[in-house]
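> Have a look at this fold, sequence not included:
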């Protein structure tokens, strides 16, 4: 398992999808791939919403490639 840095793209912070996240900032995620890192971040930080909600079309910003970047943190770096 690797550690990834999942970071919101600064220019995307006005996107309505961010209204569904209770955290908007970089996060470190232990995962087996970049896609798994996105899913983990989405699972942790996306707010639950009712099926009727229209905000951001119900999509998690953490899953959107144009809203976040994901980079591998080299072994030995980090807290």
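Now that the structure is in, tell me what you want to look at. In this text, all values refer to a predicted model and were calculated from it rather than measured experimentally.
> Direction included, what does the longest strand that the chain contains pair up with?
Using DSSP state E, we find that the single longest strand of the chain is strand 2-8. Applying DSSP bridges, strand 2-8 is found paired with strand 27-31 (antiparallel), strand 68-72 (antiparallel).
> shouldn't residue 22 be in contact with residue 48?
No - with contact defined as CB atoms under 8 Å, residue 22 and residue 48 do not form a contacting pair (10.2 Å). Every residue, glycine included, has its C-beta placed from N, CA and C.
> out of these two, which sits in the busier spot?
Per other CB atoms under 10 Å, whichever of residue 22 and residue 48 has more neighbours is residue 22, with 9 against 6.
> got the residue ranges for the helices in this protein?
34-45 (DSSP state H).
> so who does the most centrally placed residue in it touch?
The centroid of the chain falls nearest to residue 62 when counting by CA atoms, centre = their mean (2.7 Å). Residues in contact with residue 62 (CB atoms under 8 Å, 6 or more residues apart in numbering) are 6, 21, 38-39, 41-42, 45-46, 68.
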